[in-house]
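*Asks:* this is a predicted model, with the sequence first.
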Amino acid sequence: MAADVYARLRDDIISGELEAGAPLVVTTVATRLGVSRTPVREALRLLTRDGLVESSERQLRVAGRSAQALFDIYEVRIPLEAAAARGAAERHTSFDRMQLIRLHEILRDVPPDDVAALNAANRKFHEAIWAATHNSALIDFLKRLDLYLRRYPATALHHAGRYQDSRDEHEALLEAILARDVEVAGERANVHFSAARDVRLRFYDSADPVFRGNTQS
């Protein structure tokens, strides 16, 4: 039951249905979901562990969003993604190789104006790189960081000028991984995610609410 409550609240936070700063009172949440308070308490504990919920003035709230928080996420994510690229270059199997090529082809063929499909294909491609590391600890860390980033629904791909650059970077990254060029793969991942960070930070404070993660507008 706690796992179900956790998944429901997590999805509501990521989608923006539960907005940043919204109070999370155990009894209120339990009533809304039609469950007892015990699984709600456990779910809120797990969400706090994952950084999606925070304690403010002795009350649990949906964690806030800010440009600084976005920068902090990328400060951790960039070296981990570089490590994943190096690990994938070193340890990918023939099955991993097939998956990487297939998912890259799918990503490459998505029309640039189909933002939802583009984001989904982009995530699957990068998840395939994680899987090719065969490093469960690294994959776990990257999945948690991905949770944080999904609270900022507008990715760098929303910026028209970023689309072609991202395609080129994906191509170069895949090439290095398949060639088992460990150092170059890490360097290209660093370039790719540093560029994504810069675009997302540049547009976070723009007038467009999409880039601020406001899914209600």
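*Replies:* Okay, I see it. Numbers count the residues shown, from 1 in each chain.

*Asks:* check which helix or strand the most centrally placed residue in the chain maps to.
*Replies:* By Cα atoms, centre = their mean, the chain has its centre lying nearest to residue 146, at 2.4 Å. Using DSSP states H and E, residue 146 sits within helix 136-149.

*Asks:* neighbours around residue 149, how many?
*Replies:* Residue 149 is flanked by 18 other residues according to other Cβ atoms under 10 Å. For glycine as for every other residue, the C-beta is placed from the backbone atoms N, C-alpha and C.

*Asks:* verify the contact between the residue nearest to the centre of the chain and residue 123 for me.
*Replies:* Yes: Residue 146 lies in contact with residue 123 (Cβ atoms under 8 Å); the separation is 7.5 Å.

*Asks:* got the contact list for the residue nearest to the centre of the chain?
*Replies:* Listed by Cβ atoms under 8 Å, 6 or more residues apart in numbering, the contact set of residue 146 reads residue 123.

*Asks:* what is the mean pLDDT for the helix or strand hosting residue 78?
*Replies:* Here residue 78 is covered by helix 67-91, with elements defined by DSSP H and E. In this model, helix 67-91 has a mean pLDDT of 96.

*Asks:* distance-wise, check the residue nearest to the centre of the chain relative to residue 34.
*Replies:* From residue 146 over to residue 34 the distance is 29 Å, taken as Cβ to Cβ, to the nearest Å.

*Asks:* and if you look at residue 178?
*Replies:* 50 Å.

*Asks:* how about residue 76?
*Replies:* Going from residue 76 to residue 34 by Cβ to Cβ gives 37 Å.

*Asks:* between the two, which has more neighbouring residues?
*Replies:* Each of residue 76 and residue 34 has its neighbours counted (other Cβ under 10 Å); residue 76 has more, 14 against 6.
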